[in-house]
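**Student:** Compute the structure for the input listed below.
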Amino acid sequence: MARKTDKILKTNEEDIKQILPENIELIEDFLNYMETTDHAKTSIIVYKNNLEIFFVYLMKHCKNKDFVDIKKRDIMNFQNHMVKNELGSARIRNIRSTLSSLSNFIENILDEEEKWEGFRNIINKIPAPTSNPVRNKTILEDVQCQKLLDLLVENKEYQKACAFALAWSSGRRKSELLRIKRSYIDENNLIYGSLYKSPEKISTKGRGRNGKLLYVYILKSKFKPYFDLWMEERERLGIPDEIDDIFVTKRNGKWKPVTVATLDYYAQNFTELLGVDFYWHSMRHQFTTSLHKCNIPPSVIKDLIGWESTEMVSLYTDVDVDSELGKYFSEDGIKQVEIANISQL
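**Tutor:** Got it, this is the predicted structure:
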């Protein structure tokens, strides 16, 4: 099934209403500041959830203490509370980061108010827990991807096949897959005979309300066959041509674009069919790894996906050391490695 983040530290409206009014006001001021400084809505939601977790903890375990009176001992005890509740280190670091951002807001923006005079950020005075991944990474080989696509086509589940193939051929994040339009898949948008390039930039994860705007590249050979099958099915179903979204569903008798929830449902189905834990982000790893195995230079992979640094290529490339060495060495010594034609991917 699709991977889910364990919500160990849950909050509810009743608990939130009991948070000290001064702390509620502080949360609202901080979130307003985040919105004013053009942070993405999704980031603001995360900030809000993290702060509610912390302030509900203060309400229950620290006599609803005002944030101005927070001490290092309180941060230490809160972190220990998260560790004991088996939150992953990445989740703990994320909550700590939110508290640190709140403290910086107070220190830099509210410092003129008498209440906050002399306030200092103490969050990082308590060392964060050692990074310790709690999830097993799913590494899919091309043969597994192809078998799944063959099965989906055999079952005539063409939209599912198209969605999977789009992730397989582009390495885009789950939400970004839904921003790619039918009209993008056009011969006029084909470069070098092998890559569709979106005619406009789409919003991707990044700073700012609209995220980072990037052109999207899609490998034709891996995507077009499944796109064509789904387009033929769309025509048979009578889905209006004016709907430029690739993926649609019928609600209340009308065809409408799908939401991320539909892709989450697909992920559960793919998990059952693959026999391994499938999540859409694994395809970002799969795409990067496939390019790397074909000896595409890291700088090209970086530009293709839209990263700012080649360090991200290493992070998303899943190959073991022995396999990597085998590309360059044989019984005859050092091998001459050739870069694959991207149309062969």
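
**Student:** all strands of this structure, in order?
**Tutor:** Assigned by DSSP state E, the chain shows strands spanning 190-191, 195-197, 202-204, 212-214, 217-219, 248-251, 254-257, 329-330, 333-334.

**Student:** Deepest-packed of those, please.
**Tutor:** Using mean count of other C-beta atoms under 10 Å, the stretch among the strands of the chain with the greatest mean number of neighbours is strand 217-219 (a mean of 22). Every C-beta, even on glycine, is put in place using the N, C-alpha and C of the backbone.

**Student:** okay, now the residue lying closest to Val313 once chain neighbours are set aside: neighbour count?
**Tutor:** In space, and not counting its chain neighbours, Val313 is closest to Pro298: 4.3 Å by C-beta to C-beta, 6 or more residues apart in numbering. Other residues near Pro298 number 18, with proximity taken as other C-beta atoms under 10 Å.

**Student:** go on, the one 10 residues further on?
**Tutor:** The local packing count at Glu308 equals 9, with neighbours defined by other C-beta under 10 Å.

**Student:** residues touching it, list them.
**Tutor:** Counting by C-beta atoms under 8 Å, 6 or more residues apart in numbering, Glu308 makes contact with Lys302.

**Student:** Kindly list the main-chain dihedrals of it?
**Tutor:** phi -90, psi -20 (degrees, to the nearest 10).

**Student:** Distance of it relative to Thr289?
**Tutor:** 20 Å (C-beta to C-beta, to the nearest Å).

**Student:** again with Thr11
**Tutor:** 38 Å.

**Student:** Val300 too?
**Tutor:** Counting by C-beta to C-beta - Val300 and Thr289 are separated by 14 Å.

**Student:** what does Ala167 give?
**Tutor:** 13 Å.

**Student:** so what's the residue nearest to Val313 up against?
**Tutor:** When contacts are counted by C-beta under 8 Å, 6+ apart, Pro298 touches 292, 310, 313-314.

**Student:** now swap in Leu151 and tell me
**Tutor:** Per C-beta under 8 Å, 6+ apart, neighbours of Leu151: Leu273.

**Student:** what about Ala167 and Thr289, which has more around it?
**Tutor:** Ala167 (25 against 21).

**Student:** For burial, what's the neighbour tally of the closest residue to the more buried one other than its chain neighbours?
**Tutor:** Nearest residue to Ala167, sequence neighbours excluded (C-beta to C-beta, 6+ apart): Met283, at 3.8 Å. Neighbourhood size, Met283 [other C-beta under 10 Å]: 25.

**Student:** From Glu113, how far off is Met283?
**Tutor:** 48 Å.

**Student:** Skipping adjacent residues, who's closest to Gln144 in space?
**Tutor:** In space, and not counting its chain neighbours, Gln144 is closest to Leu274: 6.3 Å by C-beta to C-beta, 6+ apart.

**Student:** For the stretch 201-345 of the chain, which residues score under the pLDDT cut-off?
**Tutor:** Scanning the stretch 201-345 of the chain with the threshold set as pLDDT under 70 gives 206-211, 320-345.

**Student:** For it, which segments count as helices?
**Tutor:** 220-237, 260-274, 282-293, 298-305, 311-316, 321-326 (DSSP state H, counting those that start in this stretch).

**Student:** show me what contacts Tyr158?
**Tutor:** Remark: with contacts taken as C-beta under 8 Å, 6+ apart, Tyr158 is in contact with 152, 226, 229-230, 232-233.
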